[in-house]
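Visitor: Mind folding the following:
(chains A and B)
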Amino acid sequence: MAEFIRFDRITKFYGPLCVVENLDLGIGKGEFVSLLGPSGSGKTTLLMMLAGFEQPTSGNIVLDGTAINDVPTHKRDMGVVFQSYALFPHMSVGENVAFPLQMRGLGKAEIAERVTRALDMVQLSAFVDRRPSQLSGGQQQRVALSRALVFEPRVVLMDEPLGALDKQLREQMQLDIRDLHRRLGLTIVFVTHDQSEALTMSDRVAVFNKGKIEQIGTPRQVYDEPATRFVAEFIGETNLVEGVVEGVQGQEATVRLSSGAQIVSAVSGSVASGQPVLLSIRPERVDLSETRGDQRNCLETEVTDSVYQGDHLRVQLQNAAHPLIAKLGRRSREFAPGTRVYAAFSAGDCRVIAQ
Amino acid sequence: MPMKLAKVTFATLTILFLVAPLIAILPLAFTSSVILTYPIPSWSLRWFEELFTADAWRRAIINSLIIGTGTTLLATVLGTAASLGLRNRLIFFRGSMRTLFLLPMVVPAVVLGVGMQVLLAGFGLTNSYAGVIIAHTVVAVPFVIVSVTGALAGIDERVELAAQSLGAAPITVFRRVTLPLAMPGVLSGAVLAFATSLDEVVLTLFVAGPNQRTLARQMFSSIRENISPAIAAAAFLFIAATVLIGLVVVLSRSMLAKRR
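Guide: Residues are numbered from 1 along each chain as shown, chains lettered A, B, ... in the order given. A predicted model of the protein is given here:
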């Protein structure tokens, strides 16, 4: 995929505070990239710099081969969608959507036609004469979306656009935006702190922490192959167990845990024998049984608690050295506290993370 | 129930206390007598006639309108510009600057008046319309700033950012988004500025010449020379104008509110 947007060694200081540190990131044309991270990790600042609302302290932002650092916002041709919708309260829905077209000096007839089409796209053409305040939150955000898309911007930037909506509406909008992205071939940069949102919608997810990107990859990569402890903990739930590498064979490593058990695990980075590491084991990949199965990795544990949570059964385990959590499908049998069980998982279901 | 009765009584008394001076003066505007006292012998409009025909009063009304309009325009433009400037977070001592702008509200008018006269004399502006307008503007600007700053604070900054991202240059953002959203504040600021100018006596005494006698100034001097009921008629005009302007503002505000 040809690179369309390039952040080239971007650094941003607010006074003495470094919010973005020497950051490199490339985004392809037509790609949907999520910037995911906790608040204060620099993801929104990066988006604001791309929109031109903020200036990087150093580094270049390149769009389609041209540095745009000195291009003012109104000439960048980017559609921005904010969490607070940011509709013009003194204009009707139709006037809101017409605004970017008027700025581009289009004729009345063409504006009317494109406004209708843009509102059709979000099923709001019946509301063209309403004021934004007469619409629900979800409707307002759809107006904001169609306003940001109607002028066919080169890039669409979204700053937690679904944060103010309730859960059901949010999930519906996630699918709607993903659908629009595919249908229109949009390049979208999407900021969120909601990991499931990032996994649902994105082609690639960039995980931010303290002004840096910890890992960038497809949703499957960042979930299944976390590169750092932060990524493993931030995305989904995981068991982190300390151990020492005993040997490396290709893409697999043998790790001895403090309990003495030996685990064979997939490796994403490079590790060496004798190196202390963390093992990340996703709870839903752990199987429990009372007899030792034929899986390569098998830990002897005792059930301490078991909670029914509707769609899954959450079992807390304790072995000699560390606790472990397993999420079992709803067809699984119950395990009473005190039961001795074997926790089994394949080498591909756990990951070695260098400490 | 007695509690409720007490509340109503208290409210009535408070309102009465506030409007008593108006109640006292207004009926006298319609007296046929030549002195400003009760009882009123019979009703007449002769003092309104006097107001619009006597040269001194006519000139005063026209002067008040000229000076009031000038002050309103100047103070509204300056005050709005200052409020916009004070939004910028990068300005040093923003808090102190704001206080400085509001100072004329609390500084005694006499002090301002003396200073103003010395200063305007230096520029040769005493006894001129420009001088009076400048003097009135100084005391009117704080009202505009308070009013416009309040309106600007209610604007979501992201709405303006959104306008920029949609292709609006800064001046267009101001014209199409910021100003319309701040309009209710600008309008009430303008009305307050006009009212301030209409009402101003002290500064006018210091800087105005005989040719810039305003209505308020004329009332002040005529109540000392001859207590003619023309003063009551002028007061009636004042109140009627104020109520009218107030109504216009309330109406335009509710219209603006309906639009959003």
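
Visitor: which SSE is B:A182 in?
Guide: Using DSSP states H and E, B:A182 sits within helix B:179-199.

Visitor: Now do the buried residues in that helix.
Guide: B:180-199 (16 or more other CB atoms under 10 Å in any protein chain shown). All C-beta spots, glycine's among them, are computed from the backbone N, C-alpha and C.

Visitor: Stretch B:21-38 now?
Guide: Buried residues in stretch B:21-38 (16+ other CB under 10 Å): B:25-26, B:28-31, B:33, B:36.

Visitor: Give the full set of residues in contact with residue 223.
Guide: Here I'm looking at chain A. A:199, A:235-236 (CB atoms under 8 Å, 6 or more residues apart in numbering or on different chains).

Visitor: wrong chain, I was asking about chain B
Guide: B:I231.

Visitor: all helices in the stretch 1-150 of chain B, in order from the N-terminus.
Guide: For the stretch 1-150 of chain B, the helices defined by DSSP state H, counting those that start in this stretch cover B:2-25, B:46-53, B:55-87, B:94-102, B:109-122, B:129-153.

Visitor: Minimum distance to A:V143: which of the ones you listed has it?
Guide: A:V143 lies closest to helix B:129-153 among those, at 24.1 Å (CB to CB).

Visitor: quick one: average confidence on that closest one?
Guide: Summarised as a single mean, pLDDT over helix B:129-153 is 92.

Visitor: Report the buried residues of the helix or strand bottoming out on mean pLDDT in chain B.
Guide: Every helix and strand of chain B was ranked by mean pLDDT, DSSP states H and E. The lowest is helix B:230-259, at a mean of 79. Within helix B:230-259, the residues that count as buried by 16+ other CB under 10 Å are B:230-238, B:241, B:245, B:249.

Visitor: which phi and psi does A:I27 have?
Guide: phi -130, psi 130 (degrees, to the nearest 10).

Visitor: what is the nearest residue to it once chain neighbours are set aside paired to in the beta sheet?
Guide: In this structure, A:I27 finds its nearest non-sequential neighbour in A:I5, 4.2 Å apart by CB to CB, 6 or more residues apart in numbering or on different chains. Beta-bridge partners recorded for A:I5 (DSSP bridges): A:I27, A:L63.

Visitor: Mean neighbour count, the helices of the stretch 1-150 of chain B: which tops it?
Guide: Between these, helix B:129-153 has the highest mean count of neighbours, a mean of 23, where neighbours are mean count of other CB atoms under 10 Å in any protein chain shown.

Visitor: Close to chain B: what parts of chain A are there?
Guide: Residues of chain A that fall close to chain B, judged by CB under 8 Å from any CB of the partner chain: A:51-53, A:72-80, A:82, A:84, A:86-90, A:99-100, A:103-104, A:131-133, A:144, A:147-148, A:151, A:157.

Visitor: Say whether chain A is contacted by the helix holding B:A182.
Guide: Yes - with CB under 8 Å from any CB as the measure, helix B:179-199 is seen reaching chain A through B:180-181.

Visitor: and that helix, what does it pack onto?
Guide: Where contact means 3 or more CB pairs under 8 Å, 6 or more residues apart in numbering or on different chains; DSSP states H and E, helix B:179-199 is packed against helix B:55-87, helix B:129-153, helix B:215-225, helix B:230-259.

Visitor: repeat that with 6 Å
Guide: Applying 3 or more CB pairs under 6 Å, 6 or more residues apart in numbering or on different chains; DSSP states H and E, we find helix B:179-199 packed against helix B:55-87, helix B:129-153, helix B:230-259.

Visitor: For these, give me CSV that also has distance to B:G167.
Guide: What follows is the helices and strands packed on helix B:179-199, written out as CSV (distance: least, CB to CB, whole Å):
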stretch, distance to B:G167
helix B:55-87, 22
helix B:129-153, 23
helix B:230-259, 23
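
Visitor: Dump the ones you listed into CSV; add distance to chain A as well.
Guide: Putting the helices and strands packed on helix B:179-199 into CSV (distance: least, CB to the nearest CB, whole Å) gives the following:
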stretch, distance to chain A
helix B:55-87, 15
helix B:129-153, 12
helix B:230-259, 6
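
Visitor: you'd agree A:Q275 is up against A:G247?
Guide: No - if you go by CB atoms under 6 Å, A:Q275 and A:G247 don't touch, sitting 11.1 Å apart.

Visitor: A:G30: what's its closest spatial neighbour, skipping adjacent residues?
Guide: Leaving aside its chain neighbours, A:G30 sits nearest to A:G185 (4.9 Å; criterion: CB to CB, 6+ apart).

Visitor: Then B:L45?
Guide: Leaving aside its sequence neighbours, B:L45 sits nearest to B:F30 (CB to CB, 6+ apart; 6.9 Å).

Visitor: B:W43 is in contact with that neighbour, correct?
Guide: Yes - using CB under 6 Å, B:F30 is in contact with B:W43, at 5.0 Å.

Visitor: name the element the residue most central in space within chain A belongs to?
Guide: Closest residue to the average C-alpha location of chain A: A:A198 at 2.9 Å, with CA atoms, centre = their mean. Using DSSP H and E, A:A198 falls within helix A:195-201.

Visitor: List the buried residues in that helix.
Guide: By 16+ other CB under 10 Å, the buried positions in helix A:195-201 come out as A:195, A:197-201.
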